[in-house]
Structure formats: C-alpha cells, structure tokens
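[1] Just to be clear, the model below is a prediction. Sequence and coordinates:
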Amino acid sequence: MSTIDALRGRIGETAESDNPLVALVRPPYILLLPLAILLLVMFVGPMIAIVLFSVQPANSISLNPAVWTFEHYTEILGGMASGQGVYGDVLVNTAAVSAVTTVATLVFSYPAAYALARKIDRYKTVFLLVLIIPLFTSVNIRVFGWALFLVKNGVLDSIVSLFGVSNYPTMMYQRWTIILGTTYVYMPFMLFPIYLSLLSVEDETIAAARDLGATRWTLFRKIILPLSKPGVIIGSLFVFILSLGADVEAQILGGGSIFTMASNINYSFGYSQNWPLGSAQAVGLLIITLVCGVIILRTINLKEIASRGDS
Amino acid sequence: MSVESRGLTDRLGAGAWYGYVALVALFFLIPLFSLVIASFYDGRFFSIVDYEFSLDWYRAALSSGSIRSAFMNTVRISVPVTILSTIIGTGGAIAYTRYEFPWQERFKLLALLPIFFPLILLGLGMSMWASVIGLGYGILPSIVGELVWISPIVMFVVSITALGIDPNVEEAARDLGADTITMYRRITLPLIKDGVVSGAIFAFVLSWNNYYIVSYLSGAQSTITTWIHGRMTQGFTPVVPAVASLIFYVSLLLVVAAFLVEFREELG
C-alpha cells in the first residue's frame, strides 16, 4: 500500500516539477541553493581569481585578460630550483615544518586517541571537552598564550626559577618553537579523526583475536592499525595542508626569522602589495589543498561517523 | 600469570593511559592558562613568587574606546554570520541527508571542501575577488567571507545528527498526509534540533575567533582579533592578555554549553 502511495507521490512530483524553475523552489533544491550559490560566488570565484591573478603582470590590482605573463612562475620555480633568493629557503622551511608537524601530531595523538576510544571511561567527556576547547579559540590567542609561556620573564621562566634554574637558552624565535606552535594548533585535527576511526573497532573483534591467541603486538598490527587507517590518512592530510597555511605561528613564535610559504604569501600581499606574485605562490598551495581535500572527502563517510557518535 | 598480578598490571596499564591523556590535556591547556594568569598580573615582568592579582588591565580594556569599537565590530560580524550560516548550513544538511538528487556527491564535495582549506588561502582569494567584483572591504564583506567557511561546518555538524534519524519517520509523516511545511515543523526540525543548536554555537564561536578571513576582508575596520594581532606584533601592552582572555571566556562558556547539548543524555 505504502509502496503504491510512494510511487503515486513520485509521479505527482515529476508532473509538478516539469518546469525546472518550479523544481528549484521545492526541496531539496530550495534548501541547497543558498549554500551552492554562496560557495560558487564566494569560494569558487576567489580560487579562480588566485589562478588568474597569478598570470598578471607584477603589481596589477585588476584583471586584464589582454596581458598575461608567466614571469612570477619562472621567478619562483627558478628560485626554488637554483636555491638562490628566498624561494629555495621557503620551500625547504615549509616542507620541513609541515612534514615534522604531521609526524609529531600523529605520534602524540595516536596513543591519546586510542586511550580515549578504548581505555578511558570515567571523565571521558571532560577530557574530550578540554581537547576541543583550543579548536574554538582564536589561533592568535593560542599562539600568544605560548609566547607568554615561553618568553623571557614569562610563565615558564618563573616556574623553573622556583627550582633555581635561571640560565637556559632562549625558547622563542627558534625553528622548533614554530613546530611547537603548529603541532599544538593542528593536533586536534589529527586526534579527532583517529579517535572516530578507533571507535569503530568492536570489542568482539578484539576478544575473538585474543581467544585465537593473538599477542598485544599482533592485535595492534593486524586489527587496530588497519581499522584506524582512514583516520590516520584523513588526519595526516588535514594537518599537512593546514600547516602549509601556518602564518601566525611563524610570525609570532618564529619572530619573522624564518620564512614559510604562508608568511611569504602574506608578505607579498601586505607589505609589497604585489598580488600577482603572491597569487603565483598561492597557486601551489591551492593545488595541494584541492587534491588533499578531495581525497579526505572521498574517504570520509558521514553515515559511519553518525553511527559512531551513538556508540 | 596469576589472576591477581594480571589485575595489578591492568590497573597500572589503565593508569598509564589516563596519565598520558592527562598530559596531552595539560599540553592543550598551557597557553590558555598562561594567558589567564598573565591577564590578572599586575606588572610587565611576570613572576609566580610575588604574583600580585589585579583587575586593572580588564578595567583598562573595557574603558578603552578603540577596544570597545573593535568588540562591537566583531559582534556586528558574528551575529549575522551565526544566524545566516545556521540557516544556510542546515538547509544544505537537510537536502544532502534527507533527499536524493542528481549530483548529490558533487554537491557534498563542493559544500564541505572549504572546511579543509587553509584560511589564509580563502582570505587572500576573497580579498582579491572582493576587489574584482566590487564587493569592497568592511563589515559586510567580512560577513560574506566568514559564511563561506562557517556554513559548511554547520552543514557538517547538522548532517551528522540528521544521518542518525530513521528515514522512515518522514515517509510515515507523508503517508499520514503531512505537507512539506508541517513535516519540517513537526518532524524533521525537532529531530535535528540538537545538531542545529550546537552548529549555531560553533558558528558563533568560530566567527567570534576568526582572524585570517577578517584580516583580509575587514579593510579599515578593526575587529578584536585583528586588534590583538596588531598589538602582538607591534606595541605590546599588558592590556592585550586581558582582551584576549575576555574573548577566550566567551568562547569557553559557549563551547561548554554546546557540549552539554550534545552529551546531555550521557551526562544524565
């Protein structure tokens, strides 16, 4: 009975939506249209603008289709290849910061995610809350908090001076300070995907493996690691692309002594007012982000996440 | 291995897991603690031994005209962003999770992609685009810019809730003769309410704390995050920790509220 009704309903719907304009004001289109239009105009448009500006002559602030040039790409790629000028350093710094951040967040997050998903019961909500709060605090404020902690005459200084330690090398403006900052800022993006993927490991699977005589190491290698692989992949890609865009961390904790791609792009836009040169550098970032973002979204299954939240 | 010693190693093991998570939690809290401690400290150079509690910097922050106008600008951006992104994101989530339509997966790809973009990329792209299409810079462009990043996040949060609902419920409502409006008002929206509320809270907090997008789009208007950034890089005063702490307290309260909504049943 209800199948027939459903079919009848469907016939009614197709009859009504013959006119595509009428269909647009009915669900689901009326519901998704605002988001689709917003993103086409203010997300796809700006990304195209980056690509178009990257082939404009230096210092142009409007698009002129008649003039275009690859000079910025030759400058950047030439600089990277020869290692001369700032671009060689920028490439090495950025790759190093992002790679080390990804590995560090993975190494530190995995045991914590595992503990939260499988070992911890009491106070679990409190721990989750503490881990989520930094995610909703301005990156400026968190980085500033680290600066207050690490700076000379800062919080750390006054804690260690209680133990009579007063002479130690400065903590700010070092390469590892930037990595501390990026590891801190992006660690939730590693921890939560791994945590969600580990929630899917069922107790029965573990018990069965134990009954069959699996050691802890075999259990980890053959069951837990493979099942958490989607989380590890999503988290790693997420942290990698986000840390490529790390600018405030390098600026505040690095004191401007180390240039990364993001700070260099920002410099081109801010101080030297050279949009095309900044855009050409941003295109590299854009391509990497697009590829990683699409991989992440194809790996994510919203339905699975929804069902795990209940367990 | 005897039963007793296994019990002991298990307990030690459990303690180690708790210890590790507590260490990570401590790491996550260090800069926030530092900020709050510094904001109440009376003086430039910090010391725990002769720590003097003071509310002077908060008083100075609240009475400063430039800080107040930066706060007002942030509110002027955050409130519309919260309302609009909640509507836009919830619409997208209902369409994606409760209907079938052509290009559905492509819609999801486009709709959720901005979440994974570094904000600096979104910010600079939009700042050039705003100049090309004549949108300009200021409060309105900042609102539109933040919507691009925050609406997808709301859609993500609401989708997770909406996917947990049995699709037959809506079909049953239709079979019983409910029209579309009645169905939404009586069935769909009440069921996804928790997701929408936490989505809205997250939207406000993210907009409240946003730096990269407003720094590219707000033009001459200074918001509280751009004000803090400016003071961090040049002209630090002890007022800065107090202002940053005020921002943090608001975020903290709201995130705890969102958490209570999400985990209401679990906390009993």
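    Ah, there it is.
[2] shaky segments in chain A?
    By pLDDT under 70, the low-scoring segments of chain A are A:1-18, A:166-167, A:169, A:256, A:308-311.
[3] Now do the strands in it.
    With DSSP state E as the criterion, chain A has no strands.
[4] quick one: residue B:123 from residue B:10, how far?
    Distance from residue B:123 to residue B:10, counting by C-beta to C-beta, to the nearest Å: 50 Å. Using the backbone N, CA and C atoms, a C-beta is placed for each residue, glycine as well.
[5] Between those two, which has more neighbouring residues?
    Under the criterion of other C-beta atoms under 10 Å in any protein chain shown, the comparison of residue B:123 against residue B:10 puts residue B:123 first, with 25 against 10.
[6] correct me, but the more buried one touches residue B:215?
    Yes. Residue B:123 sits in contact with residue B:215 when judged by C-beta atoms under 8 Å, with a separation of 6.6 Å.
[7] Can you get me a residue count around the residue in the stretch 51-200 of chain A that chain B sits nearest to?
    Here the stretch 51-200 of chain A gets closest to chain B at one residue, residue A:145, 2.6 Å apart by C-beta to the nearest C-beta. By other C-beta under 10 Å, the residues close to residue A:145 number 28.
[8] Residue B:29 is in contact with that one, correct?
    No. If you go by C-beta under 8 Å, residue A:145 and residue B:29 don't touch, sitting 9.4 Å apart.
[9] ok now the lengthiest helix in chain B, how far from the chain's centre?
    Counting residues, the longest helix found in chain B (DSSP state H) is helix B:3-39. Here helix B:3-39 shows a centroid-to-chain-centroid distance of 26 Å under the convention C-alpha atoms, centre = their mean, to the nearest Å.
[10] again, but for stretch B:232-239
    With C-alpha atoms, centre = their mean as the basis, stretch B:232-239 stands 25 Å off its chain's centre.
[11] mind listing what's buried in it?
    Residues B:232, B:238, B:239 are the ones in stretch B:232-239 that count as buried (16 or more other C-beta atoms under 10 Å in any protein chain shown).
[12] Between those, which sits nearest chain A?
    For the buried residues of stretch B:232-239, the nearest to chain A is residue B:232 (5.6 Å; C-beta to the nearest C-beta).
[13] neighbouring contacts of the host helix or strand of residue B:121?
    Assigned by DSSP states H and E, residue B:121 belongs to helix B:119-132. The contact list for helix B:119-132 (C-beta atoms under 8 Å, 6 or more residues apart in numbering or on different chains) reads A:42-43, A:45-47, A:49-50, A:53, A:61-63, A:245, A:247, A:262, A:265-266, A:269, A:275, A:278-279, A:282, A:285-286, A:289, B:114, B:135-137, B:141, B:145, B:148-149, B:210-213, B:215-217.
[14] Please produce a PyMOL select command covering the buried subset of these.
    Buried residues among the contacts of helix B:119-132 (16+ other C-beta under 10 Å), as a PyMOL selection:
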select buried, (chain A and resi 42+43+45+46+47+49+50+53+245+247+262+265+266+269+275+278+279+282+285+286+289) or (chain B and resi 114+135+137+141+145+148+149+210+211+212+213+215+216+217)
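[15] Next, the residue of the stretch 201-311 of chain A found nearest chain B: phi, psi?
    Residue nearest to chain B within the stretch 201-311 of chain A: residue A:245 (2.4 Å; C-beta to the nearest C-beta). Dihedral angles of residue A:245 (phi, psi; degrees, to the nearest 10) stand at phi -90, psi 10.
[16] How about residue B:41?
    Torsion angles, degrees, to the nearest 10, at residue B:41: phi -90, psi 140.
[17] Surely it is in contact with residue B:55?
    No. Judged on C-beta under 8 Å, residue B:41 makes no contact with residue B:55 at a distance of 10.9 Å.
[18] Who has more neighbours out of these two?
    Taking other C-beta under 10 Å, residue B:41 and residue B:55 do not tie; residue B:41 has more neighbours (24 against 12).
[19] What residues are bridge-paired with that one?
    residue B:53 (DSSP bridges).
[20] Show me the shaky parts of chain B.
    Residue ranges of chain B with pLDDT under 70: B:1-6, B:43-51, B:235, B:265-268.
[21] Find the centremost residue of it, please.
    residue B:206 (3.0 Å; C-alpha atoms, centre = their mean).
[22] Check whether the next helix or strand after the helix holding residue B:121 comes near chain A.
    Using DSSP H and E, the next helix or strand after helix B:119-132 towards the C-terminus is helix B:139-163. Yes. Against chain A, helix B:139-163 shows contacts by C-beta under 8 Å from any C-beta of the partner chain at B:144-145, B:147-148, B:151-152, B:155-156, B:159-163.
[23] residues contacting residue B:54?
    Residues near residue B:54 by C-beta under 8 Å, 6+ apart: B:40, B:41, B:42.
[24] In contact with the last one, which residues?
    I take that to be residue B:42. Residue B:42 is in contact with B:52, B:53, B:54, B:56, counting by C-beta under 8 Å, 6+ apart.
[25] Could you rerun that using 7 Å?
    Contact analysis of residue B:42 by C-beta atoms under 7 Å, 6 or more residues apart in numbering or on different chains lists B:52, B:54, B:56.
[26] next one: residue B:141
    Applying C-beta under 7 Å, 6+ apart to residue B:141 gives the contacts B:130, B:135, B:217.
[27] change it to 10 Å
    Contact analysis of residue B:141 by C-beta atoms under 10 Å, 6 or more residues apart in numbering or on different chains lists A:42, B:77, B:126-127, B:129-131, B:135, B:213-214, B:216-219, B:221.
[28] next one: residue A:299
    A:193, A:229, A:230, A:231, A:233, A:234, A:237.
[29] Run a quick neighbour tally on residue A:126.
    By the measure other C-beta under 10 Å, the count of residues near residue A:126 is 11.
[30] From what I see, it and residue A:116 are in contact.
    No. Using C-beta atoms under 10 Å, residue A:126 makes no contact with residue A:116, being 11.1 Å away.
[31] still on that earlier bit, now flag whichever of the contacts of residue B:141 is closest to residue B:243.
    Nearest to residue B:243, judged by C-beta to C-beta, of the contacts of residue B:141 is residue B:214 at 15.6 Å.
[32] Determine if any part of the longest helix of chain B is in contact with chain A.
    Yes. Against chain A, helix B:3-39 shows contacts by C-beta under 10 Å from any C-beta of the partner chain at B:13-14, B:16-39.
[33] ok, and the closest non-adjacent residue to the residue of the stretch 201-311 of chain A closest to chain B?
    Among residues not flanking residue A:245 along the chain, residue B:118 sits closest, at 2.4 Å (C-beta to C-beta, 6 or more residues apart in numbering or on different chains).
[34] Give the buried residues for the helix or strand where residue B:192 lies.
    Residue B:192 belongs to helix B:189-209 when assigned by DSSP H and E. Within helix B:189-209, the residues scored as buried using 16+ other C-beta under 10 Å are B:191-192, B:194-209.
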